[in-house]
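[1] Below are the sequence and a predicted model for it; my questions follow.
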Amino acid sequence: MPREYDRSEIPSVHTLQHIEPYRDEPGFEQALVRGIDQLIGFSRISPEKPDGEPHTHPYEQMNVLVEGRLDFLVDGERVELEPYDTLVIPPEIPHTSRAVDGETATLLAFWPLREDRLDATTYQTEFPDL
């Protein structure tokens, strides 16, 4: 994984609401910001998002719901998140989510650095050699 950074660009501040979305689909918008070893996903999930099939990945995912409400399906069990709820999803556990009650939800997801998503963070000048 790329671990180099430009020290002259530190401290770096990125406003998640103003980052160009990496994913922009009906009912789902996601922007990403990275650190040296971590990645944060800033997602807005609205009722227009089609229900997705549960998916898995080989790393842990930690989630914090900032606003709205979300219905998560985790390993076959439903759990509803309200603002400030956190949800930890271990590696290889199937999961998916959807908004509830006509509200758009804002979710922060935390992962280890994912090489498959580095192209979403090329705007970050502190990591010039991606």
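    That came through fine.
[2] Find the residue at the geometric middle of the protein.
    Gly41 (2.4 Å; Cα atoms, centre = their mean).
[3] nearest residue to that residue other than its sequence neighbours?
    Leaving aside its sequence neighbours, Gly41 sits nearest to Ala109 (Cβ to Cβ, 6 or more residues apart in numbering; 4.0 Å). Just so you know, the C-beta spots here come from the backbone N, C-alpha and C atoms, and that holds for glycine as well.
[4] pretty sure Glu25 contacts Lys49?
    Yes: under the criterion of Cβ atoms under 8 Å, Glu25 makes contact with Lys49 at 7.5 Å.
[5] Contact partners for the residue lying closest to Glu53 once chain neighbours are set aside?
    In space, and not counting its chain neighbours, Glu53 is closest to Thr96: 6.7 Å by Cβ to Cβ, 6+ apart. Thr96 makes contact with 51-55, 72-73 under the criterion Cβ atoms under 8 Å, 6 or more residues apart in numbering.
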